[in-house]
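> Quick one, fold the following:
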Amino acid sequence: MQRPLSIAFRGLDPSPAVEARIRTHVEKLEHLYNQIIGCHVVIEAPHHRQHKGKLYRASINIKVPSGEVVVNSTGPQDHAHEDVYVAIRDAFDAAARRLEDHARRARGVKKASEPPLHGKVEKLFPEKGYGFVTTSEGVEVYFHRNSVVNDGFDALKTGSEVRLVIAEKEGEHGAQASTVTPIGKHHPTP
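Sure thing, here's the model as predicted:
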């Protein structure tokens, strides 16, 4: 991380044990997304309520090159957050999910649960067994002959329309398709 981690406590005394737990969670985030520039964490203990006890809140502001990822807990609905460590864990779990989404969007990759992308074969290297598709969003995606369904690689031509699913992890050529399905009048859709 380029800037140091800052931790603030509101409504409770600073705790070395809580700070150590936060540092552990931040290290995990750095392994998940190595482009974190800075991180600010606020642990808050609101005023005691007569019927609910003290429910902790954790807010996290993570700075990345393309902006910020912010997690603000608006307050738990149950008593699990009477434990400050549970509130911290839940906030960092939410931060990890948001960082993963941020990284995926930055790479131009959609979640697997989203419908397949549409694109056209832009470059084709039949003798080497691979090619590149440009999606309708303008992202160039590498694909290998093995990712084309029904052994359809040999039927592809530059300009062929396809549906594709992008792999979660980038390959050595950048974004990489895990599945390419030719579409059009000569390629029936499944």
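
> show me where pLDDT drops low in this protein?
Per-residue confidence for the chain (pLDDT under 70) gives these ranges: 1-3, 47-53, 73-78, 80, 107-115, 168-173, 184-190.

> Break the chain down into its domains, please.
Under the assignment named as automatic domain parsing, the residue ranges that make up the domains of the chain are 5-107, 117-182.

> first vs last residue of the shortest one, how far apart are they?
The separation between the terminal residues of domain 117-182, taken as C-alpha to C-alpha, to the nearest Å, is 12 Å.

> gap between residue 94 and residue 60?
Residue 94 sits 8 Å away from residue 60, going by C-beta to C-beta, to the nearest Å. Backbone N, C-alpha and C define where each C-beta goes, glycine included.

> repeat for residue 72
Distance check for residue 72 against residue 60: by C-beta to C-beta, it reads 8 Å.

> Tell me which of those two has more neighbours.
In this comparison of residue 72 against residue 60, neighbours counted by other C-beta atoms under 10 Å, the higher total goes to residue 60 at 23 against 13.

> ranges for the strands of this protein?
Secondary structure of the chain (DSSP state E): strands at 5-10, 38-44, 57-64, 67-72, 117-125, 130-135, 140-144, 161-166, 177-182.

> buried stuff in stretch 177-184?
Taking 16 or more other C-beta atoms under 10 Å as the neighbour-count basis, stretch 177-184 is seen to contain the buried residues 177, 178, 180, 181, 182.
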